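Student: coordinates for the following, if possible.
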Amino acid sequence: MAREFTTIGVVGLGTMGAGIAEVFARSGFRVVGVEQNDEWLARGRGHLEHSTDRAVKRGKLSEDEQKELFDRITFTTALTDLKDADLVVEAVPEHLGLKRQIFAELDTIVPETSILATNTSSLSVTEISVATHHPARVVGMHFFNPAPVLKLVEVVRTVVTDPAVVADIETIAKRVGKTPVVIGDKAGFIANKLLFGYLNHAVSMYEGKFATREDIDAAMRLGCGLPMGPLALLDLIGLDTAYEILDTMYRQSRDRLHAPAPIIKQMVTAGLRGRKTGRGFYTYEAADSPTVVPDALTPSAEEPDGERGTPGADIRTVGVVGSGTMATGIIEVFARAGYDVVYVARGTEKVGRVRGAVERSLDKAVLRGKIEEADRDDALSRLTGSPSLDDLADCDLVVEAVVEELSVKQALFATFDEICKPGSVLATTTSSLPVVELAMATSRPADVVGLHFFNPAPAMKLVEVVRTVATANETAATALAVCHRLDKHPVVCGDRAGFIVNALLFPYLNDAVKMLDANYASADDIDNAMKVGCGYPMGPFELLDVIGLDVALAIQRTLYQEFREPGFAPAPLLEHLVTAGYLGRKAGRGFHDYANRPTSSASR
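Tutor: Residues are numbered from 1 along each chain as shown. From the prediction side, this is the model:
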């Protein structure tokens, strides 16, 4: 039978601790909040007041409920006031010595039947537990920030944690409206293990000047549907906190991908710790303010993409080569934006099919009220289909959208070089191949640029504009101007494997597969941790099954071959599933079995 909890202790009333105290008090528990001195205690109370005031303003809490909530909380500077607590949750800074000292003291204060939980996000729960005489009652209870809002709680069991204690923590987590996921005691647990490797990689990308902070963040929000970009998220978390988590994970795992990017330590040393100090990767209106204000790195309104005012060419007629889903989507996007479009497909039958696909898509847009019938008819009137590449001769911009095979694309660009008029811009939609290798198949590499649209092209706002070492400023400026006319959000990046989105997304997905292969957690638990704990629209295994495991493996191999980073080596489980033909939804089975159980659990 599950034990009864009446009094909950919370040690540490920073942003996280105050949020945890609020969660329990809202659910009717008596809460004893402890801080080390009166100043910090007042600050902790202020955190609670600010959070609950905001809830009252939003109508999620009445003023009477707010008063009752505070009546249930006792604020104190004495650990001994926890002598009657049934559960104590520690939420102090991520320092092992400090946590061990607190647990050793708590062990002598609370009854032997009480549970001691740590909210650590990266430290070993086992190392904390052995500071007590009763390690079997110690467990990890990792909330996510902001605790009153985010549903996930990682329940971390050690090799000596009593199973009944784990079950009790699962029960109380559900009682306060959270979604518990039970896992073993491993650096970073689930969410932070996957999240912080990705965040660290984004910082390295920024530090290497591969792309601007705004473009990195926009790429991940618009390309992957994430609630925040990685650099903005680090500012919210706090760069000092992020450094401690990454450093702890690296010391435990020795995985170089978790070694904190040098700029993080430099920024922390300089006091640029994110929102809490008013400056991090971005500059904020004030300390603890979410409002970003312009600074020296902010692109000007006149030059939003940092192209230094370089004028672009006048584009009137666009050529598109290809007949697949991406090609037809791009054709539609250009036609709807007012461009005359010449599209080329192999044979008259495919030309007709492409037009039919564009017509059906435009008809759906009319039915959904997204465009008027006149707009549809106008877009269709701008389309000219042809089976001959020679009809691209007068196009101002030609976009290649054929199969992802380097030799095929190189042959096509060599043909463009012969056919297309001087000064026309030649673009590729490749998502993984080196753009420069296509550029060098021509005699005019300065005119070649990457325009990586995302699928479905009519719906997705993001376009990665990829500059090679040979791309002319005018060519890049033209590509940016075209994207803006298409009502797309362009981000500029250099020509290296994965560009921005795939370079950050696929190592994260690969890490999730490695975690599953190590039997650390189930695919469902990992998916839930990232959706509930981090606000991701899909878990990594759901996303891999949608993308296709063969596609994911090919991209991961490309990343590994280019960067030679051991951590980028494709997970063996991913390779085995592809070899077995388990390619995801398109094959009926991947990490989940879609043929037999549409909402099934994971394959392992």
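Student: can you classify Ala427 by secondary structure?
Tutor: Put simply, Ala427 is strand when judged by DSSP: H, G, I helix; E, B strand; the rest coil.
Student: which stretches of the stretch 1-150 of the chain aren't confidently modelled?
Tutor: 1-2 (pLDDT under 70).
Student: can you pull out the strands in it?
Tutor: Counting by DSSP state E, counting those that start in this stretch, the stretch 1-150 of the chain has these strands, from start to end: 7-11, 30-34, 73-76, 87-90, 115-118, 138-143.
Student: could those strands go into a markdown table alongside mean neighbour count?
Tutor: No exception for glycine: its C-beta is placed from N, CA and C like everyone else's. Formatted as a markdown table, the strands of the stretch 1-150 of the chain follow (neighbours: other C-beta atoms under 10 Å):
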| stretch | mean neighbour count |
| --- | --- |
| strand 7-11 | 27 |
| strand 30-34 | 25 |
| strand 73-76 | 17 |
| strand 87-90 | 25 |
| strand 115-118 | 27 |
| strand 138-143 | 27 |
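Student: could those strands go into CSV alongside distance to Val408?
Tutor: Listed next are the strands of the stretch 1-150 of the chain as CSV, based on distance: least, C-beta to C-beta, whole Å:
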stretch, distance to Val408
strand 7-11, 61
strand 30-34, 64
strand 73-76, 66
strand 87-90, 58
strand 115-118, 55
strand 138-143, 49
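Student: right, and these - which one's nearest Val23?
Tutor: With C-beta to C-beta as the measure, strand 138-143 is the member of the strands of the stretch 1-150 of the chain nearest Val23 (7.3 Å).
Student: report the angle between the helix or strand that that closest one is followed by and strand 138-143.
Tutor: From strand 138-143 onward toward the C-terminus, using DSSP states H and E, the following helix or strand is strand 152-157. Comparing the axes of strand 152-157 and strand 138-143 via axes from the mean of the first three to the mean of the last three C-alpha atoms, to 10 degrees yields an angle of 170 degrees.
Student: where are the low-confidence patches of the protein?
Tutor: 1-2, 301-311, 596-604.
Student: pick out the residue nearest the middle of this protein.
Tutor: Leu226 (5.0 Å; C-alpha atoms, centre = their mean).
Student: residues in contact with it?
Tutor: 220, 535-537 (C-beta atoms under 8 Å, 6 or more residues apart in numbering).
Student: SS state for it?
Tutor: Applying three-state DSSP: Leu226 is coil.
Student: roughly how far does it sit from Gly28?
Tutor: Distance of Leu226 to Gly28, computed by C-beta to C-beta, to the nearest Å: 34 Å.
Student: looking at the contacts of Leu226, which one is closest to Leu79?
Tutor: Gly535 (34.5 Å).
Student: ignoring the adjacent residues along the chain, who's closest to that closest one?
Tutor: Pro227 (4.3 Å; C-beta to C-beta, 6 or more residues apart in numbering).
Student: quick one: the helices in the stretch 1-150 of the chain?
Tutor: Remark: helices assigned in the stretch 1-150 of the chain by DSSP state H, counting those that start in this stretch are 15-26, 38-57, 63-71, 96-109, 125-129.
Student: could you do the stretch 501-604 of the chain as well?
Tutor: Using DSSP H, counting those that start in this stretch, helices in the stretch 501-604 of the chain cover 501-517, 523-534, 540-547, 549-563, 572-579.
Student: closest one to Val176 among these?
Tutor: Closest among the helices of the stretch 501-604 of the chain, using C-beta to C-beta: helix 523-534, at 14.1 Å.
Student: helices or strands up against the closest one?
Tutor: strand 152-157, strand 179-184, helix 191-207, helix 501-517, helix 540-547 (3 or more C-beta pairs under 8 Å, 6 or more residues apart in numbering; DSSP states H and E).
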